[in-house]
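**Q** I need the structure of the sequence given here:
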Amino acid sequence: MEKIPRILLVLTGGTIGSAVNDGCIDVDSRRSDDLLAIYNEQSNCQVEFEVVRPFNILSENAEPKHWLQIIETLQSHRLCDYDGVIIAHGSDTLPYTGAALSYGLDSPLIPIVLVAANYAIGQPNSNAIANFSAAVAFIINMKLPGFYTLYENSDHIIYVHLATRLQEADWLRDDFTSFGDPLGVFDHRGLCCVPSPKNPSMLKLYNPTPDCVPTIAEFRNEVLALRAYPGLNYEVINLHNRPIRAVLHSLYHCGSGNVTGENGTSLLSFIKNNPQVDHYLISYKNIQGDLYASCRELIAAGGIPLENISFEAAVTKLNFAYNQQEYAPLNYVKREFFYEFLRDAKENGYVI
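**A** Down below sits the predicted model:
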């Protein structure tokens, strides 16, 4: 007799776990029953689901402590007893949780898939069931170890993203994109990969390197993130006598920031005036290549450049780096966990 697939379903709330009542969208614990009932009604695949609910919130209310709750929930189960894990999550903070799982869990030998929805179950144009069904099929048919997000965009294509490369959804169409390219698309043919020198090969993904990650006991709110824009007044940000250990500066696309501004608008002055804080700079592509003068000044002042990592993955990583005890924070940040850094490699981008 063929073994019935077994999937651990982790429910956390979000739109995929919400209902609409009198024009108000909010989490509703009964939605999980609807999710499984509709899936079982529409699918001819028999699956055994074990359901757990570590919390039930709209994901805009998620904090690092919620990452830890999901991580501890998964660690409390023998994941080798399951064919895969599905985490039903809100879309707002989905990229941050996806990255957090890769930093907080030892390298898995099964697929761990995050799904979300654009509208609540039962609403017109909701992609909740499509995303959930695709995640089930992906786990059963692909058996691809690692951390992934499956999501149907407004073009009705279901994209497969490496969870560490997912970026926030756009405000207009609620579509998700990957930092770089998605891993591929998923349909009746299975996973159709996007050939890209920056994507890991399927051979790499199917043969993960055993990896133990540092333990996090709790998250202290000691990381600040700032996005550059013209006129940002750094003088209103007082880091002295505040429990901030690191600042992530999301700069302009070429890694540049204001170094000449007056009336508090100089990032260069902000870094020099706050030497007690580690300043990380992102949006760099190649710090060994030609850099703008402003980039060189920021680095010379103590800014730490990070290459080829998204804002979402970087700020999440800093939260882990400054709350673990096994590595110096900078060494932790530079360590790769699950392809969060885009790197060109000759063996990348090939499909099996």
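**Q** what sits up against the biggest helix by length in the chain?
**A** When the chain is scanned for its longest helix (criterion: DSSP state H), the result is helix 128-142. Outside helix 128-142, the residues that touch it by CB atoms under 8 Å, 6 or more residues apart in numbering are 5, 7, 15-16, 35, 38-39, 42-43, 45, 47, 83-84, 86, 88, 110-111, 113, 115-117, 119-121, 144, 148, 150-152, 158, 160, 186, 190-191. C-betas here are computed from N, CA, C, even on glycine.
**Q** any idea which element Asn221 lies in?
**A** For Asn221, there is no enclosing helix or strand under DSSP states H and E.
**Q** Settle this for me: Glu152 is touching Ile158, isn't it.
**A** Yes - using CB atoms under 8 Å, Glu152 makes contact with Ile158 at a distance of 4.6 Å.
**Q** among the helices and strands of this protein, which has the poorest mean pLDDT?
**A** With mean pLDDT, DSSP states H and E as the measure, the helix or strand of the chain carrying the lowest mean pLDDT is helix 31-42 (a mean of 90).
**Q** circling back: indicate each strand paired with whatever helix or strand comes next after the longest helix of the chain and its parallel or antiparallel sense.
**A** Using DSSP H and E, the helix or strand that directly follows helix 128-142 along the chain is strand 146-152. Strand 146-152 sits in its sheet next to strand 111-115 (parallel), strand 158-162 (antiparallel), going by DSSP bridges.
**Q** what are the ranges of the strands in the protein?
**A** Under the criterion DSSP state E, the chain contains strands at 6-11, 18-21, 24-27, 48-52, 84-88, 111-115, 146-152, 158-162, 184-187, 190-193, 223-227, 246-250, 278-284, 304-307.
**Q** Now distance to Asp175 and mean pLDDT too, for these, in TSV please.
**A** Listed next are those as TSV, based on distance: least, CB to CB, whole Å; pLDDT from 0 to 100:
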stretch	distance to Asp175	mean pLDDT
strand 6-11	24	98
strand 18-21	19	93
strand 24-27	19	94
strand 48-52	28	97
strand 84-88	19	98
strand 111-115	15	98
strand 146-152	8	98
strand 158-162	9	98
strand 184-187	13	96
strand 190-193	18	94
strand 223-227	21	98
strand 246-250	21	98
strand 278-284	22	96
strand 304-307	26	97
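**Q** contacting residues for Ile271?
**A** By CB under 8 Å, 6+ apart, Ile271 lies in contact with His279, Leu298, Ala301, Gly302, Gly303.
**Q** Of the strands paired with strand 146-152, flag the one that's most buried.
**A** With neighbours taken as mean count of other CB atoms under 10 Å, these reach their highest mean count in strand 111-115, at a mean of 27.
**Q** Buried residues, stretch 243-253. List them.
**A** Using 16 or more other CB atoms under 10 Å as the test for burial, stretch 243-253 gives Ile244, Arg245, Ala246, Val247, Leu248, His249, Ser250, Leu251, Tyr252.
**Q** er, stretch 131-146 actually
**A** So, applying 16+ other CB under 10 Å, buried residues of stretch 131-146: 131-139, 142, 144-146.
**Q** Distance-wise, check the closest residue to Phe186 other than its chain neighbours relative to Asn241.
**A** Once flanking residues are discounted, Phe186 sits nearest to Ile158: 4.8 Å by CB to CB, 6 or more residues apart in numbering. Counting by CB to CB, to the nearest Å, the gap from Ile158 to Asn241 is 49 Å.
**Q** Quick check on the contacts of helix 128-142: which are buried?
**A** Judged by 16+ other CB under 10 Å, buried ones among those: 5, 7, 15-16, 35, 38-39, 47, 83-84, 86, 88, 110-111, 113, 115-117, 119-121, 144, 148, 150-152, 158, 160, 186, 191.
**Q** His89 is in contact with Val115, isn't it?
**A** Yes - using CB under 8 Å, His89 is in contact with Val115, at 7.1 Å.
**Q** Common neighbours of these two, please.
**A** With CB under 8 Å, 6+ apart, His89 and Val115 have common neighbours Ile16.
**Q** remind me which residues of this protein are low pLDDT?
**A** Across the chain, the ranges flagged by pLDDT under 70 are 1, 345-352.
**Q** ok, 90 please
**A** Across the chain, the ranges flagged by pLDDT under 90 are 1-2, 29-33, 44, 194-196, 210-211, 241-242, 343-352.
**Q** What are the structural domain limits within it?
**A** 6-206, 223-334 (automatic domain parsing).
**Q** Can you lay out the ones you listed as TSV showing distance to Ala217?
**A** TSV is the format used below for the domains of the chain (distance: least, CB to CB, whole Å):
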stretch	distance to Ala217
domain 6-206	9
domain 223-334	8
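**Q** Quickly compare those and say which is most buried.
**A** Ranked by mean neighbour count under mean count of other CB under 10 Å, the domains of the chain are led by domain 6-206, which reaches a mean of 19.
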